[in-house]
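Q: The following comprises the amino acid sequence and a computationally predicted model.
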Amino acid sequence: MEKQAIFGLLKNNIQLVLPHIAEADINLTISLEDLGANSIDRSDILVLMLTDLSSDVPMVEFANTDDIGELIDRFHKKLAT
């Protein structure tokens, strides 16, 4: 799956969990924390992503990401292996 498609899924899932966030506010250089996502919100977003991508990668693989761009890179790398 291409990174742009992963980004689209991620934006959709962010807005499902954080409906007050405008799509225009979601970019590659911002973190989920900067968008106001607490730890439960971040977990919910990751679970939605893993479900959408039919992936069984452990959530710990996505810990300590600095921004959305890095999160997308990790999803892309895990899906390619």
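A: Happy to help now that I have it. Predicted model only: the values in this text are computed from it and were never measured.
Q: my read: L50 touches P58, true?
A: No: L50 is beyond contact range of P58, at 9.3 Å (criterion: C-beta atoms under 8 Å). Placement of C-beta: from N, CA and C, glycine included.
Q: Looking at the two, which one has more neighbours?
A: L50 (18 against 10; other C-beta atoms under 10 Å).
Q: so which helix or strand takes in that one?
A: helix 39-52 (DSSP states H and E).
Q: any idea which helix or strand comes after that helix?
A: As assigned by DSSP H and E, the chain's next helix or strand after helix 39-52 is helix 68-80.
Q: which residues sit in contact with L71?
A: 10, 32, 62, 65 (C-beta atoms under 8 Å, 6 or more residues apart in numbering).
Q: what's the burial count for L35?
A: Other residues close to L35 by other C-beta under 10 Å number 19.
Q: go on, A37?
A: Counted with other C-beta under 10 Å, A37 comes out at 18.
Q: Relative to D44, how far out is it?
A: 9 Å (C-beta to C-beta, to the nearest Å).
Q: any residues in contact with both of these two?
A: By C-beta under 8 Å, 6+ apart, the residues touching both A37 and D44 are V17.
Q: chain center to stretch 36-46, what's the gap?
A: 9 Å (C-alpha atoms, centre = their mean, to the nearest Å).
Q: likewise stretch 42-61?
A: 8 Å.
Q: how about low-confidence regions in the protein?
A: Under the criterion pLDDT under 70, no range of the chain is flagged.
Q: The residue nearest in space to the middle of it and S39: what is the separation?
A: Nearest to the geometric centre of the chain sits L10, at 4.5 Å (C-alpha atoms, centre = their mean). Using C-beta to C-beta, we find L10 at a distance of 17 Å from S39.
Q: Over to R74?
A: 18 Å.
Q: Please give me every residue in contact with V57.
A: V57 neighbours (C-beta under 8 Å, 6+ apart): 50, 78.
Q: Please repeat the previous calculation with a cut-off of 10 Å.
A: Listed by C-beta atoms under 10 Å, 6 or more residues apart in numbering, the contact set of V57 reads 46, 49-50, 74-75, 77-79, 81.
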